[in-house]
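Q: below is the structure, and that's it, no one-letter string:
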């Protein structure tokens, strides 16, 4: 596979809003992204107090949606949110089933692994690597990257799977840290990056993270601007690394989501209507009232986005066209998932655009 720092790696939990956002991407954005797709948690039905699906049904739906929404394009697939020792009816393990199905549909999927996996996972991923020959993605967080045993852990993964660094993708995942003070945090990240083993040999190297809030509860109604600290941090890190001729990472984030999984009983939750619109170095959050009491307020929210200085224009993306249309006529009675699709679609286009503007034609910041 392989890609440079001119690329973008959105980390997406493959739920309806996100995979529909991917489906509606323009080709000029698709060519510059490689999604890191997380197999989502099975989910919980609070009324029946059981899982929403069997493991078989859950993984079957996931693989079908990857194939239908992303096709045969390269992607990284992380199955760590599903218990590796589960067994499907036919006896296969989750990781084994997912990659069997993706392979059958000619999807170029690269498996992701953490530094510390159980024996079953290690056995299955070695089998997938040997069969597909697409290599491996090694993903770890900043705490793990700071430990002295990092080099030994990475070397053990490579050796066990018979791989070299140039056959693998490296993802340093900051997750959702405290970014402030941002200059100090940038220096810390630079020091960690410079100590990463074989930094210049990896097939790709991505720095991922987000400052998107876990909850919208503390955000006031109407318009609010929130800094995109992960993008501001990335630009600082790149400037420092570039001045020292150190390899530049690819930018990655969590779209318009927080990485922590929240299990909410939606029977008792009253979510507010909101549009999360990615702007220059920030998110424009336009928030309304309880959507259950007023399902037709999105027209006013869209008018607020469209009339703002941050609106990129209706031709910028599918998401922008949707906002413009909704601002001009009564919005359909859409679910909140629709707005995850709209907001995520715009976000991906915006990040691709930001990266193209940040670097010159020779890849220099």
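A: Ah, there it is. Model, not experiment: these values are computed from the prediction.

Q: going forward, measure contacts between C-alpha atoms and count neighbours the same way
A: OK.

Q: in the protein, which spans are helices?
A: 16-23, 27-30, 55-70, 94-104, 119-132, 142-145, 150-161, 182-195, 229-243, 298-306, 318-328, 336-358 (DSSP state H).

Q: to residue 312, which of the ones you listed lies closest?
A: Nearest of these to residue 312, taken as CA to CA: helix 318-328 at 7.3 Å.

Q: list the contacts of the closest one.
A: Contacts with helix 318-328, where a contact means CA atoms under 8 Å, 6 or more residues apart in numbering, come from 24-26, 298-303, 305-306, 311-315, 332, 341-346.

Q: dump the helices of the chain to a markdown table, plus distance to residue 222.
A: Shown next, in a markdown table, are the helices of the chain (distance: least, CA to CA, whole Å):
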| stretch | distance to residue 222 |
| --- | --- |
| helix 16-23 | 23 |
| helix 27-30 | 30 |
| helix 55-70 | 33 |
| helix 94-104 | 42 |
| helix 119-132 | 47 |
| helix 142-145 | 35 |
| helix 150-161 | 46 |
| helix 182-195 | 28 |
| helix 229-243 | 22 |
| helix 298-306 | 8 |
| helix 318-328 | 15 |
| helix 336-358 | 16 |
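
Q: so, low pLDDT: which residues of this protein?
A: 43-52, 262-269, 295, 332-334 (pLDDT under 70).

Q: nearest spatial neighbour of residue 160, chain-adjacent residues omitted?
A: Spatial nearest neighbour of residue 160, chain neighbours left out: residue 126 (7.8 Å); criterion: CA to CA, 6 or more residues apart in numbering.

Q: distance of that neighbour from residue 296?
A: 51 Å (CA to CA, to the nearest Å).

Q: same deal with residue 256?
A: For residue 256 relative to residue 296 (CA to CA), the value is 22 Å.

Q: quick one: residue 278 and residue 146, what's the gap?
A: 31 Å.

Q: and what of residue 138?
A: Applying CA to CA to residue 138 and residue 146 gives a distance of 15 Å.

Q: what do you get for residue 175?
A: With CA to CA as the criterion, residue 175 and residue 146 are 14 Å apart.

Q: neighbour count: those two, which is higher?
A: residue 175 (20 against 16; other CA atoms under 10 Å).

Q: just checking, that one touches residue 213?
A: No: Residue 175 lies out of contact with residue 213 (CA atoms under 8 Å); the separation is 11.8 Å.

Q: returning to what we had before: would you reformat the helices of the chain as JSON lines and include distance to residue 170 and mean neighbour count?
A: Compiled in JSON lines, the helices of the chain are given as follows (distance: least, CA to CA, whole Å; neighbours: other CA atoms under 10 Å):
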{"stretch": "helix 16-23", "distance to residue 170": "23", "mean neighbour count": "20"}
{"stretch": "helix 27-30", "distance to residue 170": "21", "mean neighbour count": "14"}
{"stretch": "helix 55-70", "distance to residue 170": "22", "mean neighbour count": "17"}
{"stretch": "helix 94-104", "distance to residue 170": "20", "mean neighbour count": "19"}
{"stretch": "helix 119-132", "distance to residue 170": "16", "mean neighbour count": "16"}
{"stretch": "helix 142-145", "distance to residue 170": "11", "mean neighbour count": "15"}
{"stretch": "helix 150-161", "distance to residue 170": "10", "mean neighbour count": "15"}
{"stretch": "helix 182-195", "distance to residue 170": "11", "mean neighbour count": "16"}
{"stretch": "helix 229-243", "distance to residue 170": "16", "mean neighbour count": "18"}
{"stretch": "helix 298-306", "distance to residue 170": "37", "mean neighbour count": "21"}
{"stretch": "helix 318-328", "distance to residue 170": "31", "mean neighbour count": "20"}
{"stretch": "helix 336-358", "distance to residue 170": "19", "mean neighbour count": "21"}
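
Q: contact partners for the residue nearest to residue 237 when sequence neighbours are not counted?
A: Using CA to CA, 6+ apart and skipping residues adjacent in sequence, the residue nearest residue 237 is residue 186, 5.6 Å away. Residue 186 makes contact with 233-234, 236-237 under the criterion CA under 8 Å, 6+ apart.

Q: now, which of those sits nearest residue 16?
A: residue 234 (28.5 Å).

Q: surely the closest one is in contact with residue 251?
A: Yes: between residue 234 and residue 251 there is a contact under CA under 8 Å: 7.0 Å.
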